[in-house]
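Trainee: any chance you could fold what I've pasted below:
(one chain, ligands or ions: 1)
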Amino acid sequence: MDLTTRLHLLELVRISASAESSCRAAERAARRAALRRKSAAAARPRLRLTLRTTGCADVEDPARALADAEREYDACAVQAESAGARWRRAFTASQRADASLGEELARTRELSGSAKPRRKGARLTAETALLAELAAMPETLIRAAAAILVQSSAGKDSVVALDRVVRWAKAAGCLDKVVVVHADIGQDAEWPGVRDLAQQQAERYGLRFEVVKASVGFLGMVEKRGLWPDAQNRLCTSTLKRDEAAKLFTQIVDELGLDKQALIVNCLGIRAAESPSRRRKHELAIDHRASNGRRLVLTWHPVFKLSESDIWQEIADNTLDYHPVYDTLIPRLSCIFCILASFDVLVRAVRLCWVLGLPTPKTYVDLEERIGHRFKNQFSLAEVVAEASRREAAEGPITWRRGDAIRHHLGDDAAAAYLHRLALTA
Ligand code: SF4
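Mentor: Residues are numbered from 1 along each chain as shown. Purely as a prediction, here's the structure:
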C-alpha cells in the first residue's frame, strides 16, 4: 500500500472516530435535556396545587415558581429537540464515515479481516495496523510529514528522542522540517538551566527552537485551584504543556500555507517502561483532539521501547549533553518537585535545592500550608522537608561528580569515555 493511501485511510479513520464521538456527545446532551424536562414537568402539577391551597407552600412565591418551572420546561424541550437533531446528523455522518472507510479498505484489500469496519472494534484494528506499519518506517513517515515537532523537556528521554528523529530526518533529507518545542512551566518550578539546555540541544543540530508558556505557571495554577494536581488529574501536563503545544500546531499550519491537509508528526520522549499507563500507549497514534480538517496530527514516541539503560547507552554513545541533576541520581528532569515522584526522590530534591541555594522547598511548603491541601495523598511536602533535614543532619550535604549518572547506569569506563568525548566537543 503506498503512503498516500495509508494517510488517506488514517484520515478516514479520524473522521469516523470524530463523527462517532460527536454522536455520543449529542446523545448525552439529549439525555440530559430530557431528564431536566421531565423534572420540570413533574414540578408543574405540584406548584399548581400549591397555588390553589394555603399554608402548605414549600416555596415563598408559588406563582413565580410555577412560571419558572414553565419556562424551564419550554427551554428544556427546545434543547432536547435540538440535541436530538444534532444526534441524528452526527449519526448519519458517522454511518457515512464508517461506510466510506469500509469501502476504501475493501478497495485496497490489504488489511484482511478489517474490510468493513462498521463497528468501533474493527475501526480500531484498522487504525492500529496502519499506525504500526508506519511506525516501522520512520524515514518514510518523516518524508511524508509537513512538519515534525519534538517536544523537549531537556530531559534524558527527550534528548535521545530528538537525536533519533534528527538522524532519521537527515537520512530522509528533511532536517529543515524539525522544530524543537519546550514548554516553560515557570522558573520557580523547574531546575535552573532547563530551558537553556533544551535550546542548546536544539542548536546542536541547527534546529528551530520554540518555547510555549501558559499565562499562569505551575505554582500559579496550584494557587488558583487551591489543589495540587495528581496522577489522575494531571492538569499540569494538559494545561501547561499539551494545550500550549496545540496552539503551536495552528501557528505552524498557518505558516505552511498548504492547500491540503498538513501531516504534523508530534514526537514525545515517553517510554513504555516508565509506568503501566504509558505501557498502554502506542508508538504512533492519531491525536484525535488536535487533528482536524486542516491537520492530521500523529503522536510519535521514538524511544517507546527503550529501557532506562538503553537511554543512557545512547546518551553515552552519541555524546549527548544531559542536565547535571541526573548526576545527583534524581531519575527524572521534571519539575523540581514532581507530583509523580516518590518520597525518596522528593527528599533528595529538597537536599539538592539546599546545596544550590534554591528557595523552592520553602515556597512549596508555604503554598501547601496556604491552600490547606497536601502535596500528595500519602504525604505532605512539609513531611518531605522534615525528612530531608533529618538525613542532612545525619549525612551532611549531598555530593556528586559530573558523569555519575553514566557511572551509575553503565560503569566507570563508560563514564570516563563519555566525559573525554564531551570535553573534545566543547
Ligand atoms: S513534571 Fe510532574 S509536576 Fe511537573 S508538569 Fe510534569 S507531571 Fe506535573
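
Trainee: could I get the average pLDDT for stretch 265-283?
Mentor: For stretch 265-283, mean pLDDT rounds to 92.

Trainee: chain center to the helix or strand containing residue 86, what's the gap?
Mentor: Assessed by DSSP states H and E, residue 86 sits inside helix 62-108. Distance of helix 62-108 from the chain centroid (CA atoms, centre = their mean, to the nearest Å) equals 30 Å.

Trainee: just the terminal-to-terminal distance for stretch 264-282.
Mentor: Length of stretch 264-282, first residue to last, CA to CA, to the nearest Å: 17 Å.

Trainee: list the buried ones in that stretch?
Mentor: Buried residues in stretch 264-282, counted by 16 or more other CB atoms under 10 Å: 264, 265, 266, 267, 268, 269, 270, 271, 272, 281, 282. Yep, even glycine has a C-beta here, placed from its N, CA and C like the rest.

Trainee: make a markdown table from those and add distance to the ligand and secondary structure to it.
Mentor: Listed next are the buried residues of stretch 264-282 as a markdown table, based on distance: CB to the nearest ligand atom, whole Å; DSSP: H, G, I helix; E, B strand; the rest coil:
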| residue | distance to the ligand | secondary structure |
| --- | --- | --- |
| 264 | 23 | strand |
| 265 | 22 | strand |
| 266 | 17 | strand |
| 267 | 17 | strand |
| 268 | 12 | strand |
| 269 | 13 | coil |
| 270 | 11 | coil |
| 271 | 15 | coil |
| 272 | 18 | helix |
| 281 | 15 | coil |
| 282 | 21 | coil |
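
Trainee: Provide the backbone phi and psi angles at residue 285.
Mentor: In terms of degrees, to the nearest 10, the main-chain angles of residue 285 are phi -150, psi 150.

Trainee: ok, residue 233 next?
Mentor: Per degrees, to the nearest 10, the backbone of residue 233 is at phi -120, psi 80.

Trainee: pull up the residues of the stretch 101-250 of the chain that are close to the ligand.
Mentor: 185, 229, 234, 236, 237, 240 (CB under 6 Å from any ligand atom).

Trainee: give me the three-state assignment for residue 210.
Mentor: Following DSSP: H, G, I helix; E, B strand; the rest coil, residue 210 is assigned to strand.

Trainee: what bridges to it?
Mentor: Beta bridges link residue 210 to residue 181 when assigned by DSSP bridges.

Trainee: tell me what angle the top helix by length along the chain forms with helix 62-108.
Mentor: Among the segments of the chain that qualify as a helix by DSSP state H, the longest is helix 3-52. Here helix 3-52 points in a direction 160 degrees away from that of helix 62-108 (axes from the mean of the first three to the mean of the last three CA atoms, to 10 degrees).

Trainee: for the closest residue to residue 235 other than its chain neighbours, give me its contacts.
Mentor: Spatial nearest neighbour of residue 235, chain neighbours left out: residue 229 (4.7 Å); criterion: CB to CB, 6 or more residues apart in numbering. Shown in contact with residue 229 (CB atoms under 8 Å, 6 or more residues apart in numbering): 221, 222, 235, 236, 339.
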